[in-house]
Each structure stands twice: as C-alpha cells, then as structure tokens.
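A.B. asks: Build me a model:
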Amino acid sequence: MAKSKDMDLMESGARVKIGTSDRIIRGFGYAFVTFYAICCIIPFVIIVSTSFTSEETIRELGVQLIPKNISLEAYKMVTKSGGIWKSYILTIVMTLAGTGVGLSIISMTGYALQRKDFFFRNAISFYIYFTSLFSAGLAPYYLLMTQTYHLQDSYFAVFLPLLMSPWLIILMKNFVKAIPHEITESGKIDGAGDMKIFVSLILPMLKPALATIGLFLALGYWNEWYQSSLFLGSKVAVKPLQFTLYEVVNKIDQLKNSVAGQFVSLADIPQEGVKMANAVLATGPIVLLYPFVQRYFISGITVGAVKG
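C.D. replies: Numbers count the residues shown, from 1 in each chain. Alright, predicted model coming up:
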C-alpha cells in the first residue's frame with residue numbers, strides 16, 4: 001500500500017520524502033558520476049588546448065589545460081595543402097552512404113532471420129556466426145580484394161568491408177525478437193506484403209536499434225584508415241580523413257629527420273601541436289553526433305544485449 005501510494009504521489013507531481021540513507025547514496029552516486037565525467041572531459045580539453053599552443057611553449061612547459069601562448073601554426077600546417085577538406089568531404093559522403101546502406105541491409109537481414117516462417121533462418125544465422133570465428137589472414141584477404149574483386153585503388157575496397165558485420169546483424173536480430181510476431185500476422189491479415197509490413201510496422205519500432213547500429217557504422221567509416229593503407233595507393237588523389245591525417249604526421253616526422261630538416265629549426269615545426277590538431281579534426285565532428293542518438297543508443301544496447 002505504501003509503495004503504491006508513493007507511486008501515486010510521484011505520478012501526480014507531488015514531492016516524495018526521501019530518507020537520509022537514500023540521500024547519502026544519491027549524493028555519493030552524483031559525486032562519483034561527476035568525478036568520472038570530469039576525468040573523461042579533461043583529456044579532450046587538454047588535447048584542444050595543446051593544439052592551440054605554440055610548439056616552443058609545449059617543449060618548455062609541456063601540455064597545459066589552458067594555453068599560455070596561443071598559436072594556429074599546427075592547424076595551418078595540417079590544412080596548408082587544402083587536401084584535408086577534400087578528405088573531409090569524401091569521409092562525410094562515405095560515412096553517410098555507408099551508414100544508410102548498411103542500416104538497410106542489416107535491418108532487413110535481422111528481420112528476416114527472426115521470422116518464424118523463414119525456413120533457412122537457423123542455417124543462415126549459424127553461417128553468419130560461425131564464419132566470424134575464423135580469419136584466413138591478411139595475405140588471402142589482400143589477394144581476394146585485389147586479384148579476385150579487382151578493387152585495388154578503388155573506394156569500394158574501403159566501402160564494402162565496413163558495410164556490415166556479424167555482430168551488428170546478431171544485435172539487430174536480437175532486438176527484432178522483442179517485437180511481437182502478432183504485429184507481422186496482423187499486417188498479413190490486412191493484405192500487406194512483407195516489404196510493406198517491414199517499412200510501415202517494423203521499421204518505426206526499430207529506432208533504438210537503428211540509432212545504435214548506425215552509430216557503430218558511422219564510427220567505423222569515420223575512423224577508417226586500415227583499408228585505405230592497404231588498397232588506396234598513389235593513384236588515388238583524395239583519401240579518407242584519418243589516413244590523410246596519418247600521412248601528415250608521417251611527413252612531418254620525415255621532414256624532421258631528413259637533410260632538409262637540418263636547415264629548419266625544430267621550434268618552427270609544430271610536431272606535437274600537429275598531432276593534437278589531428279586529434280581535434282578527427283574526433284570533433286563525430287563527437288557532436290552522439291548527443292543526438294544518446295537516448296536511443298542506450299536503450300538499443302540494453303535490449304540488444306538482454307534479448308536472446
């Protein structure tokens with residue numbers, strides 16, 4: 001009776017009296033979460049601050065929370081050639097396209113694999129899971145992509161491998177299991193086809209899963225550099241953002257160690273600042289995406305992990 005009374009008070013908007021022990025526990029929880037959040041934010045603030053600090057100040061005083069000598073030399077060196085903006089456009093287009101296409105394929109696959117009237121669902125599910133346990137190695141994979149598929153120096157060599165993964169398909173399948181099968185049956189009774197049922201009835205209920213998997217796909221495409229290093233050679237003028245930033249750092253290291261670098265003062269080469277500027281340019285845009293999908297992301301992870 002007391003519990004139901006408290007619930008009624010909460011629903012009516014009335015304030016519920018909290019005991020001393022509850023206040024202590026809540027206070028400890030708030031303090032711990034606040035401390036943890038600050039510990040997570042401080043490193044990123046230091047990275048941003050260091051990227052705006054002159055190289056000479058970094059060498060003398062190290063990294064600091066608040067820059068004492070503000071300089072834009074690191075960003076000027078990174079963006080000097082102008083190629084980074086083309087890499088930005090390429091990465092954004094590839095991220096949007098890959099996330100959209102990947103979500104379409106993964107959502108339809110997950111929906112089909114949980115349909116009780118799909119005869120091969122168990123065999124295909126086993127095939128997807130079983131093949132993820134083994135890897136043929138780098139050499140066969142490289143030969144497959146270059147000799148069989150002929151994707152050397154092609155953006156598809158970067159686009160296709162990140163399009164989906166067994167884990168994301170299993171996550172979507174587990175989430176779709178939470179949707180009652182009666183919804184599909186009611187759509188069939190009304191004369192709707194499978195695609196109509198999926199688009200009109202199932203897809204609107206998959207918002208948490210779409211946000212969760214979409215975020216994973218977007219992060220994968222945005223942070224991609226490994227496939228680019230394998231398959232995109234000198235014939236490709238514009239490369240993904242992460243690999244472009246990686247090349248910038250390597251060129252600065254080469255300049256520092258080369259004969260030409262002997263005639264340039266190390267203070268004139270913002271080596272550490274460039275690394276921090278790269279981190280800001282690489283993580284800044286994608287960090288802004290998370291707040292928009294946070295609510296769906298948390299619920300999608302919870303449901304996808306619990307349902308089995």
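A.B. asks: right, and the helix or strand after the lowest-mean-pLDDT helix or strand in the chain?
C.D. replies: Counting by mean pLDDT, DSSP states H and E, the weakest-scoring helix or strand in the chain turns out to be helix 2-11, with a mean of 47. Toward the C-terminus, helix 2-11 is succeeded by helix 20-51 as the next helix or strand (DSSP states H and E).
A.B. asks: Output the contacting helices and strands for the helix or strand just after that next one.
C.D. replies: Of the helices and strands lying after helix 20-51 in sequence (DSSP H and E), the nearest is helix 55-61. Contact partners of helix 55-61 among helices and strands, from 3 or more CB pairs under 8 Å, 6 or more residues apart in numbering; DSSP states H and E: helix 271-287. (Glycine included, C-beta is placed from N, CA and C.)
A.B. asks: just the angle between the helix it packs on and helix 20-51, please?
C.D. replies: Angle of helix 271-287 versus helix 20-51, following axes from the mean of the first three to the mean of the last three CA atoms, to 10 degrees, is 130 degrees.
A.B. asks: and helix 271-287, what does it pack onto?
C.D. replies: Packed next to helix 271-287, using 3+ CB pairs under 8 Å, 6+ apart, are helix 20-51, helix 55-61, helix 73-78, helix 207-222, helix 241-257.
A.B. asks: Would you mind checking the average pLDDT for the first one?
C.D. replies: Per-residue pLDDT over helix 20-51 has a mean of 88.
A.B. asks: Show me what it is packed up against.
C.D. replies: Checking 3+ CB pairs under 8 Å, 6+ apart, helix 20-51 ends up next to helix 271-287.
A.B. asks: who touches the helix it packs on?
C.D. replies: 44, 47-48, 50-51, 53-55, 58-59, 71, 73-75, 77-78, 84, 218-219, 222-223, 241-242, 245, 248-249, 252-253, 256 (CB atoms under 8 Å, 6 or more residues apart in numbering).
A.B. asks: What strand or helix carries the spatially closest residue to residue 109 that is not a sequence neighbour?
C.D. replies: Nearest residue to residue 109 in three dimensions, chain neighbours excluded: residue 169, at 5.4 Å (CB to CB, 6 or more residues apart in numbering). Secondary structure assignment for residue 169, by DSSP H and E: helix 166-176.
A.B. asks: any idea how far the spatially most central residue of the chain is from residue 212?
C.D. replies: The residue lying closest to the centre of the chain (CA atoms, centre = their mean) is residue 219, at 2.0 Å. Counting by CB to CB, to the nearest Å, the gap from residue 219 to residue 212 is 11 Å.
A.B. asks: can you pull the pLDDT of residue 133?
C.D. replies: 79.
A.B. asks: quick one: secondary structure of it?
C.D. replies: coil (DSSP: H, G, I helix; E, B strand; the rest coil).
A.B. asks: Burial check on it, number of neighbours?
C.D. replies: Residue 133 sits with 7 neighbouring residues when counted by other CB atoms under 10 Å.
A.B. asks: For the residue nearest to the centre of the chain, give me its contacts.
C.D. replies: Counting by CB under 8 Å, 6+ apart, the residues that residue 219 touches are residue 286.
A.B. asks: With residue 110 instead?
C.D. replies: Residue 110 neighbours (CB under 8 Å, 6+ apart): 169, 171-173, 175-176, 209.
A.B. asks: isn't there a helix covering residue 234?
C.D. replies: No. Judged by three-state DSSP, residue 234 forms no part of a helix; its state is coil.
A.B. asks: For it, give its distance to residue 247.
C.D. replies: 11 Å.
A.B. asks: now do residue 66
C.D. replies: Residue 66 is 31 Å from residue 247, by CB to CB.
A.B. asks: Comparing these two, which residue is more hemmed in?
C.D. replies: Ranked by neighbour count (other CB under 10 Å), residue 66 and residue 247 place residue 247 first, with 16 against 8.
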